[in-house]
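# everything below, folded, please.
(chains A and B)
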Amino acid sequence: EAGVAQSPRYKIIEKRQSVAFWCNPISGHATLYWYQQILGQGPKLLIQFQNNGVVDDSQLPKDRFSAERLKGVDSTLKIQPAKLEDSAVYLCASSPGGADTQYFGPGTRLTVL
Amino acid sequence: RKEVEQDPGPFNVPEGATVAFNCTYSNSASQSFFWYRQDCRKEPKLLMSVYSSGNEDGRFTAQLNRASQYISLLIRDSKLSDSATYLCVAEGWGKFQFGAGTQVVVTP
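Numbers count the residues shown, from 1 in each chain, chains lettered A, B, ... in the order given. The predicted model follows:
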């Protein structure tokens, strides 16, 4: 079974630039999560989708971050404009349902200069 | 106060020894608990779910203490390959809270 796919794996940008990340969850998984993991910290939930609807985006900095999951399958997370403090690993995870085990993708390591 | 707290470590463990560490959670409504393992510069991977009665998977044993709101992980006969960061997760109403992780270093 294919796992969660993410791209790109690495991205380096300058502050105030824009960046987008892509995630393709495990086939059939209804729930998709985007997490931000800063070095030395645990993953912090940014947004959770159930199919193509948003379940929780309470910790998403909406002035600069946006995410969508059109058609309830793959998803994109965008940052515009990026700040230095956005340097982190952005992890995508999926699960069959809301409280089930999550499976993580390899992450995108973002460096903002 | 963080919802899920862990001792960051590192726990330095001789190969073959036993190590145990806890994780406390603040939300008494949390319903499910998990331990994830995260290797350096890798994604978290599920190690085991934690059940009310406690559960064991090979050398790993997880316990849940709802009264004191903590879960524990014990690793017996530590292997070099057990060196990693162990993330504690509490779930309630479909919302997952991750701890910052406990680092374990197994030494020869």
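
# output the lowest-mean-pLDDT helix or strand in chain A in CSV with nothing but the alpha carbons.
Least confident element among the helices and strands of chain A, by mean pLDDT, DSSP states H and E: strand A:53-56 (a mean of 92). Below are the C-alpha coordinates for strand A:53-56, written out as CSV (Å, rounded to 0.1, in the frame of the first residue of the first chain):
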residue,chain,number,x,y,z
GLY,A,53,-14.4,20.0,4.7
VAL,A,54,-12.3,21.7,7.4
VAL,A,55,-12.7,20.2,10.8
ASP,A,56,-10.2,22.3,12.7
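
# any part of that strand near chain B?
Yes - applying C-beta under 8 Å from any C-beta of the partner chain, one finds strand A:53-56 touching chain B at A:55, A:56. All C-beta spots, glycine's among them, are computed from the backbone N, C-alpha and C.

# give the buried residues for the helix or strand that that strand is followed by.
Next along the chain after strand A:53-56, taking DSSP states H and E as the criterion, comes strand A:65-68. Using 16 or more other C-beta atoms under 10 Å in any protein chain shown as the test for burial, strand A:65-68 gives A:65, A:66, A:67.

# just stretch A:30-40 next, same as before
Buried positions in stretch A:30-40, judged by neighbour count with 16+ other C-beta under 10 Å: A:30, A:31, A:32, A:33, A:34, A:35, A:36, A:37.

# and if you look at stretch B:72-79?
Buried, per 16+ other C-beta under 10 Å, within stretch B:72-79: B:72, B:73, B:75, B:78.

# show the contacting residues for residue 78.
As the question left the chain open, I've gone with chain A. By C-beta atoms under 8 Å, 6 or more residues apart in numbering or on different chains, residue A:78 lies in contact with A:18, A:19, A:20, A:21, A:65, A:66, A:67.

# wrong one, chain B
For residue B:78, the contact set (C-beta under 8 Å, 6+ apart) comprises B:13, B:14, B:15, B:16, B:17, B:18, B:19, B:59, B:104, B:106.
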